[in-house]
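Asks: Mind folding the following:
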Amino acid sequence: MTKITLALPLIAAAAIASPAMAQDREDHFNGFYVGASVGKANASNNKDANPVQFDTNRDGEFTDTVTTTTGTNVFTPGFCPGVATGTAPGSCDGDDDDLEYAARMGYDMRMGNFVVGGLLEASKPQLRDAATAYSTAPAGYNLSRELDYAVSARARLGFTPGGGALFYATGGPSYAKIKHDFTTTNTANTFTPTNDGEMTWGWQAGGGAEIMVAGNLSLGLEYLYNRYDDDKYYVAAGAGTAPTNPLATNGGTYLRQDPKFQFHSVRATLGLQF
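Replies: I've put the predicted structure just below:
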């Protein structure tokens, strides 16, 4: 429904402007432009089997299993890709997906029916990606993150069959600030978040279509896959009042969310060519 809803303004504009688009102009998609977009960001693809990872000896490798002195896995109750509402895997809310806003500027160069160019973009997705681990205590450990903002540089390669229409592929690096949050029902151990709010690198790839609707004004529809390496933030668990707790042995345990922060964006775009 989201894609259909976003496509309706584009379809309507194309129908209204079709007589004007029938006459292609050589300056279409050729030169400097500015634009903006609004759409939906969806993080529901973060559904790994173990979305919370552990480093029990603090060596920087998050591949460990938290076990008791008898070798039992402390987190046998399991995980959920969402926010804990209780102390069992069944008590879990999903991720929050919401609107995404962006502004861009770029330059295209047209060579016959082909277009090559690049753009710079600042975006602000409003989404939350969360993961929860459940221990046998019982207790829940929730880590969540939000992308505060991102600055991206993408190349664009397109084809215009004429009539003021452009179909393109796009991709490139992105630099983002990610905010984190941690909550737990475990009141015995201590928990210290580390490295929050740092910038991290990622990349985007996707494609879209644009149509010229009035003079140098264009409307479009764009899809992007976004992925960031969120491996700097972790939570250090300490002894607190439970020095024999498995989380506190060997100097304490580090907890982190799966470092692959990935989401989809579907946007309606507006552009002004100069």
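Asks: State the distance from the closest residue in space to residue 234 that isn't next to it in sequence to residue 147.
Replies: Leaving out its chain neighbours, the residue that sits closest to residue 234 by Cβ to Cβ, 6 or more residues apart in numbering is residue 256, at 4.1 Å. Just so you know, the C-beta spots here come from the backbone N, C-alpha and C atoms, and that holds for glycine as well. When Cβ to Cβ, to the nearest Å is the yardstick, residue 256 and residue 147 sit 17 Å from each other.
Asks: re earlier: shouldn't the residue nearest to residue 234 be in contact with residue 236?
Replies: No - with contact defined as Cβ atoms under 8 Å, residue 256 and residue 236 do not form a contacting pair (10.2 Å).
Asks: So between the two, which is more surrounded?
Replies: Comparing residue 256 with residue 236 by neighbour count (other Cβ atoms under 10 Å), the higher total belongs to residue 256, at 22 against 17.
Asks: Give me the pLDDT value at residue 218.
Replies: The predicted local confidence for residue 218 comes out at a pLDDT of 95.
Asks: What are the neighbouring residues in contact with it?
Replies: 33, 35, 166, 210-212, 269-273 (Cβ atoms under 8 Å, 6 or more residues apart in numbering).
Asks: these two touch, right, residue 28 and residue 110?
Replies: Yes - with contacts counted by Cβ under 8 Å, residue 28 reaches residue 110, the gap being 7.3 Å.
Asks: list residues touching both of these two?
Replies: By Cβ under 8 Å, 6+ apart, residue 28 and residue 110 have these common neighbours: residue 160.
Asks: hey, where'd the helices end up in the protein?
Replies: With DSSP state H, the ranges of helices along the chain come out as 2-21.
Asks: residue at max distance from the center of it?
Replies: Most distant residue from the mean C-alpha position of the chain: residue 70, 39.7 Å away (Cα atoms, centre = their mean).
Asks: Next, give phi and psi for that one.
Replies: Backbone geometry at residue 70, expressed as degrees, to the nearest 10, gives phi -90, psi 0.
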